[in-house]
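Asker: this is the structure alone, sequence omitted:
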């Protein structure tokens, strides 16, 4: 399944195109037809392909894929993606995360705030140590802790999606010299304080600012402004 999914994500096959048959795939990947058939069924269960009787396996429109599936997200994060898909991911963050931060300002406990603050301190320390991996770890924990503080099981189901969006964002927006990320860390500190002070509206706006800054690193400013004005 991994090899077939990788080829699909790399764009080897277009929407509406038929995959090679089971025999050809089994020869290509040196696997049994039974293994190939099982792999195709697994991919079909994720809505990436449709298996048509007497025709074969056809690539579905990307909007049909089950993007909440953790395996799809894992494959997605391991392959190079187009700027268009990156924009979709960042837009998803812009839709959900400000509201999540707003809710956290109303629901977070002292224990939640301690977790958010510890993650923030990891981010600050990453600047001192110029440790990119530590920055990413801290940023992930920061946003995951905020989401968990909402105690909403439906929002929790989005955790993998938003975490993947963040991971891919880092590859495209995180500065090589972490000193240049000091403004972003300062904004995260302000977001923490707004949540601590129960300032829901402020938390929402700061979260939007953080994400818009990230989007501006991959899109022209005028396009970002247009996007932001259409997502509240």
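Answerer: Thanks, I have it. These figures come from a predicted structure and were not determined experimentally. Numbering: from 1, shown residues only.

Asker: how about the strands in this structure?
Answerer: 49-52, 56-59 (DSSP state E).

Asker: which residue ranges make up each domain of this protein?
Answerer: According to the TED database, the chain comprises the domains 1-64, 70-231.

Asker: weakest of those domains in terms of mean pLDDT?
Answerer: Among these, domain 70-231 carries the lowest mean pLDDT, a mean of 85.

Asker: run the chain-centre distance for that domain.
Answerer: 10 Å (Cα atoms, centre = their mean, to the nearest Å).

Asker: so what's residue 197 up against?
Answerer: If you count contacts by Cβ atoms under 8 Å, 6 or more residues apart in numbering, residue 197 has them with residue 105. Glycine gets a C-beta too; all of them are placed from N, C-alpha and C.

Asker: residues contacting residue 179?
Answerer: 127, 130.

Asker: right, so the domains of the chain: which one is the most enclosed?
Answerer: Across those, the average number of neighbours (mean count of other Cβ atoms under 10 Å) peaks for domain 70-231, which reaches a mean of 17.

Asker: mind listing the helices for the chain?
Answerer: For the chain, applying DSSP state H gives helices covering 2-9, 22-28, 33-45, 70-78, 83-107, 110-129, 132-149, 153-156, 159-173, 182-196, 200-215, 221-229.

Asker: related to what we said a few turns ago, rebuild the strands of the chain as CSV, extending it with distance to residue 21.
Answerer: CSV is the format used below for those (distance: least, Cβ to Cβ, whole Å):
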stretch, distance to residue 21
strand 49-52, 12
strand 56-59, 6
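
Asker: now do the residue lying farthest from the centre of the chain against residue 38, distance only.
Answerer: Within the chain, the residue lying farthest from the chain centre (Cα atoms, centre = their mean) is residue 54, at 36.7 Å. As judged by Cβ to Cβ, to the nearest Å, residue 54 and residue 38 stand 20 Å apart.
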